[in-house]
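**Q** Next input, structure requested:
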Amino acid sequence: GTMHSAAVLLVLCALFLATSAFPTWSTPRFRAYSSRLFGTAAESTKRIVLIRHGCTFMNEYLSKPGSKWGDAGFTDIFEDPEQIGMFKDSRLSDRGVHQAKRLGSRLGLDPQDQNVVRDIELIACSPLTRALQTTELSLVPHIEKHDDGCPKVPIVALPLASERVYLVSDVGRSTEELVRQFPCVDFESAIGTSEKDCWWFTHDESNVHTPYSEWRPNDEGQKYACKGEPESDFNDRMIALYDWLDAREE
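**A** Next up, the predicted model:
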């Protein structure tokens, strides 16, 4: 086929890092999916544009000595309501808001980036608040609007694209709450009815055949607010994300 000029924009909650703590994506199956979806210009039928979210309150917390990932005594359990509001489904910090707006300024000034924005047919966004905020601040101002003020390009909240659940910052909010803050986002198409209140990873405590095994640092008094998403579950979700993108008509 020929190279399709339109683009799908995917707003992610994290870059997929190849470190010892993250999946390396080296399996043949992954290469097959990436080859099919991100092939050469002569082969591809889609163009995928990736945007990472801006800095969050949790990012800033994790940068402090004693609060870094893996530190002895590390915890993401908070008692103070204000801290819970900052760190659960962690929002953009002031720095993150500035970063998102700065990206928006670039999209409005750079001719090459303007062309990318012009060609976008679909925005797929993690339902985590930081990704939704980044979309709203950086991209939406440059997209033509309907009379109701919503972008003419659909914005689909896509749980498959959300960050791997490491900490309480990766635990989301119900779609009922999210739609009040982001009324122009489609929370129906990619989130099943049974997932409306819990679309992120949670461990099924009732399944005795797959007991949870803690894979995060835990030998120096570390304590966590939620179960972490196992690598096998995350790998399956990334393959499903590729399937979802591949199946789209855009």
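**Q** all strands for this protein, in order.
**A** Along the chain, counting by DSSP state E, strands occupy 7-12, 48-52, 120-125, 155-157.
**Q** show me where pLDDT drops low in the protein?
**A** Applying pLDDT under 70 to the chain flags the ranges 1-45.
**Q** With respect to burial, which of the strands of the chain scores highest?
**A** strand 155-157 (a mean of 24; mean count of other C-beta atoms under 10 Å). From N, CA and C alone the C-beta is placed, and that goes for glycine too.
**Q** Relative to residue 93, tell me which of the strands of the chain wins on proximity.
**A** Among the strands of the chain, the nearest to residue 93 by C-beta to C-beta is strand 48-52 (14.6 Å).
**Q** the helices in this protein, which residues?
**A** Taking DSSP state H as the test, the helices found in the chain are 28-37, 57-62, 81-87, 94-109, 111-119, 129-134, 175-181, 231-247.
**Q** Check which helices and strands the last one is in contact with.
**A** Spelled out, it's helix 231-247. Under the contact definition 3 or more C-beta pairs under 8 Å, 6 or more residues apart in numbering; DSSP states H and E, helix 231-247 sits against helix 28-37.
**Q** rerun at 10 Å
**A** Helix 231-247 is packed against strand 7-12, helix 28-37, strand 120-125, with contacts defined by 3 or more C-beta pairs under 10 Å, 6 or more residues apart in numbering; DSSP states H and E.
**Q** ok, back up a step: would you turn the helices of the chain into CSV with mean neighbour count?
**A** Below are the helices of the chain laid out as CSV (neighbours: other C-beta atoms under 10 Å):
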stretch, mean neighbour count
helix 28-37, 13
helix 57-62, 19
helix 81-87, 14
helix 94-109, 15
helix 111-119, 13
helix 129-134, 26
helix 175-181, 15
helix 231-247, 15
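**Q** Residue 224: what's its closest spatial neighbour, skipping adjacent residues?
**A** Closest residue in space to residue 224, ignoring its immediate chain neighbours: residue 76 at 6.0 Å, by C-beta to C-beta, 6 or more residues apart in numbering.
**Q** What are the neighbouring residues in contact with that neighbour?
**A** Taking C-beta atoms under 10 Å, 6 or more residues apart in numbering as the criterion, residue 76 is in contact with 58, 61-62, 67, 69, 87-88, 90, 166-171, 222-226.
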